[in-house]
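**Q** turn this into a model:
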Amino acid sequence: MNIVETPSKKDQVRNYLIQELNSGKYPPGSLFLSENVLFRELGICKNTVREALSSLVSDGLLERVRGKGTFVLEPRPNLAESTSAGVVHFICANPYRIGEGDPFISGLVQGLHAALDPFRWRLCLDFADFTEHSYEDMKTIIGTILPGECAILAGFNYSAKLTDMLREANIRFVTVGQAEDESVPCVDTDYVSGTYEVVSDLIGRGHTRIALVDRRGPHFPSCENRRRGYIKALAEHGIIPDARLMAQYSNLTPAEGEKMWKELEEYATSFTAVLIYGNTPVLGFLKSALAAGRKIPEDLSVIAFCDPPLLVADHVITRVVPSLIELGKAAGNLIREPDGTSQRIIACRRLDGNTVADIGR
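**A** Coordinates of the predicted model:
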């Protein structure tokens, strides 16, 4: 089932024209934008522009006067409100190449629809490469965004270069996750509190040697937030953080998880619990731990930061997950009703499996 309705070019131009009419720049009786001007400004074929203008003439919002142009009539609020109020381009990284089948993407889309559909805002889903090609992909996507439309970005490392591309194109946008440029409006997961709570719980279960395996990128603030929560919990319980227990990887692959296991086993002193970010790296990590004879959870408790449920042998992995639908709702509300708020923080959830156990009792 396709859960994203993609508006036609005619509807997108019509929405833009209604926004222009509602802006107050064109009072009743004034000359409105011509077909030629719209063709140049929007880069849309003249037939599409003509159809959009004709629909507003039919609705009684505009009047064509032969030889003089198109003029604005007295406003008709009910007609204006019966159309889509806006268009949002949801631009997603797609690292696993499964599109809407990705739990991260589908959860956010559900939340966005919940926030936007009641107000007749339309959602367009665009995918961009996850790594070095994201800038080229973003250029292509920006070329499809019409004046007056806006964007929500999710799943990227939001470098200043990336967000500047949208600002230079005069596109209003929100990110899911904090951008390098902290003035960019965003919704974010409270990983500081989420990590603090699970580490405190592990300490309460008798664990004092707790490893943290996370993904490091050029700009990846959620990694820093998880580390902050981890260190805060250790410090409050009188445990000195050990740098040897904090490992970092680059790519979301099982091989990276296997590499992290080898690194911790070689350089770290014995550890009885581990927190791991990413669904595929945790699979590689557990595969290596089980092959080395470690029993889970008897002598190694495991908690993953990831979206989908994970099953390894008979182990249902305990997870800390972002509240994706709530994040989507918050992003939709922020883009629809900008109120000066630059950041909205959403709590994460803990979903218990059977990979955490008490020790030393």
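
**Q** quick one: N279 and H113, what's the gap?
**A** 24 Å (C-beta to C-beta, to the nearest Å). The way it works is simple: take the backbone N, C-alpha and C, and place the C-beta from them, glycine included.

**Q** where does pLDDT dip in the chain?
**A** 1-9, 43, 75-85, 118-119, 130-133, 218-219, 338-341, 360-361 (pLDDT under 70).

**Q** any idea how far V213 lies from Q178?
**A** Using C-beta to C-beta, we find V213 at a distance of 21 Å from Q178.

**Q** quick one: which of these two has more around it?
**A** Using other C-beta atoms under 10 Å, the more surrounded residue of V213 and Q178 is V213, with 25 against 22.

**Q** show me what contacts E258?
**A** Taking C-beta atoms under 8 Å, 6 or more residues apart in numbering, we find E258 in contact with G284, F285, K287, S288.

**Q** out of those, which comes closest to K10?
**A** Comparing these against K10 with C-beta to C-beta places G284 closest, at 49.1 Å.

**Q** what sits against the nearest residue to I240 once chain neighbours are set aside?
**A** Residue nearest to I240 in three dimensions, not counting chain neighbours: L234, with 7.4 Å by C-beta to C-beta, 6 or more residues apart in numbering. With contact taken as C-beta under 8 Å, 6+ apart, L234 is in contact with V199, I203, I210, I240, P241.

**Q** next, count neighbours for the fourth one.
**A** Same thing as I240. 7.

**Q** any idea which element it lies in?
**A** Assigned by DSSP states H and E, I240 belongs to no helix or strand.

**Q** likewise for the first one?
**A** When elements are assigned from DSSP H and E, V199 belongs to helix 191-204.

**Q** list the buried residues in the biggest helix by length in the chain.
**A** If you go by DSSP state H, the chain has its longest helix at helix 221-236. Applying a neighbour-count criterion of 16 or more other C-beta atoms under 10 Å, one finds P221, S222, C223, N225, R226, R227, G229, Y230, I231, K232, A233, L234 buried in helix 221-236.

**Q** again, but for stretch 169-178
**A** So for stretch 169-178, counting by 16+ other C-beta under 10 Å, buried means I171, F173, V174, T175, V176, G177, Q178.

**Q** quote the end-to-end distance of stretch 239-247.
**A** 18 Å (C-alpha to C-alpha, to the nearest Å).

**Q** can you check stretch 143-162 too?
**A** Note: stretch 143-162 ends 15 Å apart using C-alpha to C-alpha.

**Q** ok, stretch 319-327 next?
**A** Stretch 319-327 has an end-to-end distance of 18 Å (criterion: C-alpha to C-alpha).

**Q** if we can go back for a sec, could you identify the helix or strand that succeeds the longest helix of the chain?
**A** Next along the chain from helix 221-236, counting by DSSP H and E, comes strand 246-249.

**Q** the helices in the protein, which residues?
**A** Using DSSP H, helices in the chain cover 9-22, 35-42, 46-58, 77-81, 103-116, 134-142, 160-168, 191-204, 221-236, 254-267, 279-291, 324-336.

**Q** please identify the deepest-packed of the ones you listed.
**A** helix 324-336 (a mean of 23; mean count of other C-beta atoms under 10 Å).

**Q** list the contacts of it.
**A** Residues contacting helix 324-336 (C-beta under 8 Å, 6+ apart): 85-86, 88, 103-104, 107-116, 119, 121, 150, 152, 154, 172-174, 176, 185, 187, 189, 307, 341, 344, 346.

**Q** what number of residues lie near E180?
**A** 17.

**Q** touching, it and T163? I think so.
**A** Yes. E180 is within contact range of T163, at 7.3 Å (criterion: C-beta atoms under 8 Å).

**Q** so what's V199 up against?
**A** Contacts of V199 (C-beta under 8 Å, 6+ apart): I210, G229, Y230, A233, L234, L275.

**Q** and what of P221?
**A** G177, Q178, D188.

**Q** try it again at 7 Å.
**A** With contact taken as C-beta atoms under 7 Å, 6 or more residues apart in numbering, P221 is in contact with Q178.

**Q** how near is F32 to H113?
**A** Distance of F32 to H113, given as C-beta to C-beta: 33 Å.

**Q** typo on my end, it should be D214
**A** Distance from D214 to H113, by C-beta to C-beta: 31 Å.

**Q** how about E149?
**A** For E149 relative to H113 (C-beta to C-beta), the value is 17 Å.

**Q** number of nearby residues for R97?
**A** 9.

**Q** ramachandran coordinates for it?
**A** phi 60, psi 40 (degrees, to the nearest 10).

**Q** identify each buried residue in stretch 143-162, please.
**A** 145-159, 162.
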